[in-house]
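J.: fold the following.
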Amino acid sequence: MIRKYKYLVLRRSLQVSLMFLYFAGNAWGFTFLQGNLSSSLLLGFIPLSDPYAALQMLVAGAVLSSDLLIGVLIITLFYASIGGRAFCSWVCPINIISDASNYIRRKFGFNKIQKKQPASRNLRYFVLFLSLILSYFLGLSAFEFISPISMVHRGLVFGMGFGYGAIVIIFLFDLFVLKNGWCGHICPLGAFYSLNAKFSLIKVDHDVQKCTACMECKEVCPESQVLFMINKESKPVLSGECTSCARCIEVCNDDALNFTIRNFKGEKNET
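T.: Just a heads-up that it's a prediction; the model follows:
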């Protein structure tokens, strides 16, 4: 069972380990990883900075320090290489909440009740644009000011406070109102990282010859629209909206889905 869900185990292990390291850095002075998801210091001297938070600061009129810019460059290149929204499924603490909500939805048949999503996934790009506009006019990082991601993360590291409220609201919203409501439709950080994933090297690949069209992959995928090729053609998932969570790989008993290193030359020849 653990082997079958090895990616889920790895994701949860990484998320919990990062939270522990951030907590240890604050509570006990451990220097391996200090700060928060917006701005961190690795090994006491390597800056790591959230590029979306930095972009909000920039449009708000702030002057960005050299350390912050270096941190932005490191994180941008890292996620651009492995897949922008890998942050969403492998790092972000909200992912645990949304996954729990989706599990209950599937377990009790809520997905069958709500046949059509009442909101477009493009809404997150509007929220992304709006957050930058508000940052410009308000002179502060608009999304960071109200971000449930920051609330939950800082709550786990420094003490919950409003973090409890963010957890309850997102869980209930995803469960009763909109499937993958926050992560799949609203979160501007996810929208930003999806734009950052255009040229990522690691992709999920589909082999149509092995596929039996059971559609288990689309049932568990938090961004099922990226799996449009299932049972139609052999090709990798190129959409930046894929979170690289590997849930589709784990539930595929046909071994028709697997991670692969992207072949840019092959894609060019197909077009």
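
J.: only C-alpha atoms for contact and neighbour calcs from this point on.
T.: Noted.

J.: checking the residue lying closest to S120 once chain neighbours are set aside next. Helix, strand or coil?
T.: Excluding its sequence neighbours, the residue lying closest to S120 (Cα to Cα, 6 or more residues apart in numbering) is H185, at 6.6 Å. Put simply, H185 is helix when judged by DSSP: H, G, I helix; E, B strand; the rest coil.

J.: pretty sure H185 is in contact with V127, am I right?
T.: No - with contact defined as Cα atoms under 8 Å, H185 does not reach V127; the gap is 9.4 Å.

J.: show the pLDDT at the residue most central in space within the chain.
T.: For the chain, the residue lying nearest the average C-alpha position, counting by Cα atoms, centre = their mean, turns out to be C88 (1.3 Å). Looking at C88, its pLDDT is 93.

J.: wait, it touches N95, no?
T.: Yes - here C88 reaches N95: they are 6.4 Å apart, a contact under Cα under 8 Å.

J.: what touches both of these two?
T.: C183 (Cα atoms under 8 Å, 6 or more residues apart in numbering).

J.: how is this protein divided into domains?
T.: Here the domain parsing of the chain from automatic domain parsing is 6-195, 202-270.

J.: secondary structure element for the nearest residue to I97 once chain neighbours are set aside?
T.: In this structure, I97 finds its nearest non-sequential neighbour in F171, 6.0 Å apart by Cα to Cα, 6+ apart. Using DSSP states H and E, F171 sits in helix 163-172.

J.: in that helix, what counts as buried?
T.: Buried residues in helix 163-172, counting neighbours by 16 or more other Cα atoms under 10 Å, are found at G163, A166, I167, I170, F171.

J.: contact partners of the helix or strand following it?
T.: Heading C-terminal from helix 163-172, the first helix or strand you meet, by DSSP H and E, is helix 181. Defining contact as Cα under 8 Å, 6+ apart, one finds that helix 181 is touched by I170, F173, D174.
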